[in-house]
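*Asks:* Here you go, sequence then predicted model.
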Amino acid sequence: MALASNALTTVADVKTYMGITASTDDTLIETLVNNVSDQIERYCDREFKQKTFTEYVDGRGDRTIAVGNPPVISVDLVAFGARNSISVQSSDSSDLLATVGIEDDQARLFRYTSSGSAVTTSLTFADYPTTALLAAQINSTTGFTATSIFNAPSFALHRLGGRDTTEATAYLTIPDDAESEYRIDYDRGLIHLRADAFPRAAEARRVNHFPNQFQSVFVRYSGGYETIPNALVQAAFELVSDAFRGRDRDRNINQESLGDYNYTVRPMAEWTQSIKALLDPFRRIR
């Protein structure tokens, strides 16, 4: 096992914090660091390590949206609207069902044949980075035909869940309005629409506003921390230390004695509040 890509600290730093010099428990500590890092991300509803993010954000009819993983380092693209990029149809009339779906990092083709067999084909964006390449591969997949209408990065395709292709053509779309003017609050991860290049709203009060639609705004950006903030590292230290030292004891016991030696375990409510105090400033509130 190795430290996960989202690990908030290292085995060496945890051992220094806990005053451990031996390497006997390195594998266990590594596991705890990975587990605690996942727990912290789930609690905060976001990722922390710097990387490139591709997100579809809910527009709410406002001029400002928030991305999921601030701070923002750079923004590659902000876009909304829709235009057809690929058309997909079933090519086997005997299939009982044939669907195409677009997930975060792949296209998913599903067939249910007349004999009752389920066949799934996954085409990752890493292997087919443009919609033209993706369309060609779909076209080469048994049971489907596809046509490239407008070539674009595959990662920009709108997410789509299981659209049937046996009764009608499925159109895979991308955002088409990418020429508007934006302002960025890099620290807080806010994107403000200053001027819409192609106003779509009939009402003047809706001009220069993001559409009020589910996952209507596409954002690709570099975000997160190159250096993890001290508060997050400290929270990880405390959670790993607590899990490590408590692995062989009843966590419901507040105080315990062993001969002349006794120790007190912090009540869960107490240490939970101290951890939350470290994490809450980073928590994403939807």
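*Replies:* Structure's in. What do you need?
*Asks:* List the buried residues in the helix or strand hosting residue 184.
*Replies:* For residue 184, the host element (DSSP states H and E) is strand 181-185. By neighbour count on 16 or more other C-beta atoms under 10 Å, the buried set for strand 181-185 is residue 184. (Each C-beta comes from the backbone N, C-alpha and C, glycine too.)
*Asks:* And that strand, what does it pack against?
*Replies:* strand 72-80, strand 190-195 (3 or more C-beta pairs under 8 Å, 6 or more residues apart in numbering; DSSP states H and E).
*Asks:* Can I get these in TSV including mean neighbour count, distance to residue 114 and mean pLDDT?
*Replies:* As requested, the helices and strands packed on strand 181-185 are exported to TSV (neighbours: other C-beta atoms under 10 Å; distance: least, C-beta to C-beta, whole Å; pLDDT from 0 to 100):
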stretch	mean neighbour count	distance to residue 114	mean pLDDT
strand 72-80	17	41	94
strand 190-195	15	49	91
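*Asks:* Save those as TSV, and put in distance to residue 140 too.
*Replies:* Output for the helices and strands packed on strand 181-185, formatted as TSV (distance: least, C-beta to C-beta, whole Å):
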stretch	distance to residue 140
strand 72-80	29
strand 190-195	38
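*Asks:* closest to residue 175 out of the ones you listed?
*Replies:* With C-beta to C-beta as the criterion, residue 175 lies closest to strand 72-80 of the helices and strands packed on strand 181-185, at 3.6 Å.
*Asks:* send the alpha carbons of that closest one over as CSV?
*Replies:* Coordinates of each C-alpha in strand 72-80 appear next as CSV, following Å, rounded to 0.1, in the frame of the first residue of the first chain:
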residue,chain,number,x,y,z
VAL,A,72,-8.7,28.7,-7.8
ILE,A,73,-5.2,28.9,-9.3
SER,A,74,-6.2,29.3,-13.0
VAL,A,75,-9.4,28.9,-15.1
ASP,A,76,-9.2,27.2,-18.5
LEU,A,77,-12.9,27.6,-19.5
VAL,A,78,-16.2,28.8,-18.3
ALA,A,79,-19.2,28.1,-20.6
PHE,A,80,-22.9,27.4,-20.7
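*Asks:* quick one: contacts of the following helix or strand past that strand?
*Replies:* The element immediately downstream of strand 72-80 (helix or strand, assigned by DSSP H and E) is strand 83-90. Residues outside strand 83-90 that contact it (C-beta atoms under 8 Å, 6 or more residues apart in numbering): 98, 100, 131, 134-135, 138, 143-152, 157, 163, 165-166, 169-176.
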